[in-house]
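Enquirer: Need the 3D shape of this:
(4 chains)
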Number of protein chains: 2
Amino acid sequence: MTSSRPNGLQRSPTLEQVAEWAGVSRSTVSRVINGVSTVDPELRELVQRAIDATGYVPNLAARSLVTRRTDSVALVVSEPDDRNDSGEPFLNRIFTDPFLGRITAGALEVLRPEGIHLVIMPAESPAHDHVLRYLRQGHVDGVLLISSSAADPFPQHLCDLGVPAVLSARPAKPLPMSYVDVEQQVGAKLAAEHLLAIGRHHLATISGPLDMPSSLDRLAGFRAALAVHGHAYVPSAAGNFTRASGESAARELFAAHPEIDGLFVANDLMAEGALQALRDLGKRVPDDVAVVGFDDSIAALQCRPQLTTIHQPLEEMAAEMARLLLARIGKHDAKPRSVIFHPRLIRRQST
Amino acid sequence: MTSSRPNGLQRSPTLEQVAEWAGVSRSTVSRVINGVSTVDPELRELVQRAIDATGYVPNLAARSLVTRRTDSVALVVSEPDDRNDSGEPFLNRIFTDPFLGRITAGALEVLRPEGIHLVIMPAESPAHDHVLRYLRQGHVDGVLLISSSAADPFPQHLCDLGVPAVLSARPAKPLPMSYVDVEQQVGAKLAAEHLLAIGRHHLATISGPLDMPSSLDRLAGFRAALAVHGHAYVPSAAGNFTRASGESAARELFAAHPEIDGLFVANDLMAEGALQALRDLGKRVPDDVAVVGFDDSIAALQCRPQLTTIHQPLEEMAAEMARLLLARIGKHDAKPRSVIFHPRLIRRQST
DNA sequence: GACCTTGGAGAGAGCGCTCCCCGGATTACC
DNA sequence: GGTAATCCGGGGAGCGCTCTCTCCAAGGTC
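Expert: Predicted coordinates for the structure are as follows:
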């Protein structure tokens, strides 16, 4: 029943007005609102009634003008120029990847209890400036950055800006910023050893874009693990983490190497595409070809056969990012920290 | 070379300092920044140099304290309580649906040129309060609301709040808010007539959740169009717009009515699931069963066979939402308006 | 040459809030 | 009972910006 605000025409009440209503000073109302303990319980009660009666809401602009905090952080998903070649619009790609949902959920898990709002901003390259301006203006206290490509200048920009930020993966060039990551190489190794363990000998891999450190790590990890077992050469094709790219990469791979009987794909979405290609090629999974994905996203469960995949605890990772960021916002001097998580293999029907 | 801001320790320069540097008054600097034309070109130039030299960025809190504008709007994706039964986490669902990417892109198309930032906020039910608080605090000038279920109280809350807002579809209960929509019934009719035109006689439909006006409209439109052609009974099953739900709805439908040879599915994602089910059942598409989707999302192109579907111009619709919102923000008295778009059928391989 | 108009710059008053500092009241202690 | 310690509430000074109002100078008009 906050009846008195039909259309924003009349301004919402101010602290001053609440104070007047309650017959106390501005300071007292401010104390009540900010939960300072040195207020007489009776007065506190009175002020609370005044707040309810007037329908008072603190003016955030005024508050953050003096506190220099906004109690909100941004989740920025960045992408550099040179990746607009996939044909698929960037916005559709990021919003279609189950990745983002899990990251968001994990971050909110930590932020909400702290009363911190999360604001999501896509930042495909032409909009970098826009987003940077938003961040510089002090709209948020800090940034959780999902950036992929090594070529992406965004992390560097953010660093220059001095805005507290945490990255979702090891930055391509060393940067004094905290980040969270998973042991990519270990994940790839798990996939390699599993494929060998189930008796496959002709292994290949579909990697992510070769300008992403995580893609390179998965590729290198897979190769290294196989080298240990005597496999000197491992055919590979690169995709860009979309389903369609996985499909064409698989086609390419099998055209050149029809003997492949074990496939490691750098994410589930591409693996799903690869399954499609294999179906078209008349190959049975897992009988003819065993497939291992990466991420353990819902896509892994949605496809037939369900994917064996490398699980990475994205929600926990995002939660940790949020924690690192909050710590960083708290004390400005904190030095960059990294937190690395462990992957594990989930076996399903595709191997 | 904005050298003077290593770590937020020293405060960023203020208007005052820029004015001092340039040897002019605060007012003049403010005029330059806000593009007021009554400034001597020479002085303007001088001030610009001062801004560059000091690395000045306007303090948004201070500005919006006096202007009462933030130059940003929120895109809120809401979901009521009672839909958490699908098993799949809400955040994953919305971020996995190509829908959101297209909406975002369309809205940005209009907002960016105006210098307005877009902030995306998921608002699954337990977080409603959080998001409402954010909106009340005046963090944004207005809201683009994607809300689906008729049971969702969020639009009503928003309305009570007096925050300018535009809905993505006709609200379930009449509400004094602008909205954008597509002629759902006409879309369904297109599907029905197409299926009849290609000689199908046993038609059925997979609808969306029955608490969504758009789902009901599509269902009703499909039935009505068939009734005109003498089909009194049309089997149907409801899904929740996810791929998995489409798959199980199709299974259910064909178990009861194996004779079905034409299927209208209320969105592409569910249609994709239905294709999966049909494949499992050994039905060929389109030979045994013709399938028409709805949305014309990328999912329609990704699946095999590619989907015949009802195109709705989501990007344009979102752009129009943004336009309506900006108009509303401009003058507070504006009365609610609705803009309705026309669907059209895109024929591909599934019919 | 006196008057009026107009373009362009400065001064000042807030916007609504927090937070420091101070003062009055209450309690405690000698 | 006097003084110190403690507690709590009020007053006031800004935070950095915009915006109106005022003022000055230059140009135009009769």
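Enquirer: quick one: low-confidence parts of chain A?
Expert: A:1-10, A:81-88, A:332-333 (pLDDT under 70).
Enquirer: Which stretches in it count as strands?
Expert: Counting by DSSP state E, the segments of chain A that form strands are A:72-79, A:117-124, A:142-146, A:165-167, A:178-182, A:203-207, A:236-238, A:262-265, A:290-295, A:308-311, A:338-341, A:344-346.
Enquirer: Is it possible to get a markdown table of the ones you listed that adds mean neighbour count?
Expert: The C-beta positions use only the backbone N, C-alpha and C, and glycine is treated the same way. A markdown table is the format used below for those (neighbours: other Cβ atoms under 10 Å in any protein chain shown):
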| stretch | mean neighbour count |
| --- | --- |
| strand A:72-79 | 25 |
| strand A:117-124 | 24 |
| strand A:142-146 | 24 |
| strand A:165-167 | 26 |
| strand A:178-182 | 22 |
| strand A:203-207 | 27 |
| strand A:236-238 | 19 |
| strand A:262-265 | 30 |
| strand A:290-295 | 29 |
| strand A:308-311 | 26 |
| strand A:338-341 | 14 |
| strand A:344-346 | 16 |
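Enquirer: In contact with the residue minimising distance to the centre of chain A, which residues?
Expert: By Cα atoms, centre = their mean, chain A has its centre lying nearest to residue A:103, at 4.1 Å. Contacts for residue A:103 (Cβ atoms under 8 Å, 6 or more residues apart in numbering or on different chains) come out as A:75, A:144, A:146, A:168, A:314-315, A:317-318.
Enquirer: need the strands of chain A in JSON lines with distance to DNA strand D, can you?
Expert: Shown next, in JSON lines, are the strands of chain A (distance: least, Cβ to the nearest atom of the strand, whole Å):
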{"stretch": "strand A:72-79", "distance to DNA strand D": "19"}
{"stretch": "strand A:117-124", "distance to DNA strand D": "21"}
{"stretch": "strand A:142-146", "distance to DNA strand D": "19"}
{"stretch": "strand A:165-167", "distance to DNA strand D": "22"}
{"stretch": "strand A:178-182", "distance to DNA strand D": "27"}
{"stretch": "strand A:203-207", "distance to DNA strand D": "47"}
{"stretch": "strand A:236-238", "distance to DNA strand D": "46"}
{"stretch": "strand A:262-265", "distance to DNA strand D": "50"}
{"stretch": "strand A:290-295", "distance to DNA strand D": "44"}
{"stretch": "strand A:308-311", "distance to DNA strand D": "47"}
{"stretch": "strand A:338-341", "distance to DNA strand D": "33"}
{"stretch": "strand A:344-346", "distance to DNA strand D": "49"}
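Enquirer: Let me have the ones you listed in TSV, adding distance to residue B:328 as columns.
Expert: Output for the strands of chain A, formatted as TSV (distance: least, Cβ to Cβ, whole Å):
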stretch	distance to residue B:328
strand A:72-79	24
strand A:117-124	21
strand A:142-146	30
strand A:165-167	34
strand A:178-182	40
strand A:203-207	48
strand A:236-238	47
strand A:262-265	47
strand A:290-295	41
strand A:308-311	46
strand A:338-341	44
strand A:344-346	49
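Enquirer: Quick check: phi and psi on residue A:116?
Expert: Main-chain torsions, residue A:116, degrees, to the nearest 10: phi -100, psi 130.
Enquirer: That one - nearest residue in space that isn't next to it in sequence?
Expert: residue A:71 (5.4 Å; Cβ to Cβ, 6 or more residues apart in numbering or on different chains).
Enquirer: Which residue ranges of the stretch 151-300 of chain A form helices?
Expert: Assigned by DSSP state H, counting those that start in this stretch, the helices in the stretch 151-300 of chain A fall at A:154-161, A:184-197, A:213-228, A:243-256, A:268-280, A:298-302.
Enquirer: now check the last one, is it near chain B?
Expert: Yes. Helix A:298-302 reaches chain B (Cβ under 8 Å from any Cβ of the partner chain) through A:298, A:302.
Enquirer: starting at the chain centroid, how far to that helix?
Expert: 18 Å (Cα atoms, centre = their mean, to the nearest Å).
Enquirer: helices or strands up against that helix?
Expert: Judged by 3 or more Cβ pairs under 8 Å, 6 or more residues apart in numbering or on different chains; DSSP states H and E, helix A:298-302 is in contact with helix A:268-280.
Enquirer: Now do the buried residues in the helix it packs on.
Expert: Of all the residues in helix A:268-280, those buried under the rule 16 or more other Cβ atoms under 10 Å in any protein chain shown are A:268-278.
Enquirer: thinking again about what came up before, and of the strands of chain A, who's closest to residue B:226?
Expert: For residue B:226, the closest of the strands of chain A is strand A:117-124, at 41.1 Å, according to Cβ to Cβ.
Enquirer: now the closest one and strand B:72-79, what's the angle there?
Expert: 110 degrees (axes from the mean of the first three to the mean of the last three Cα atoms, to 10 degrees).
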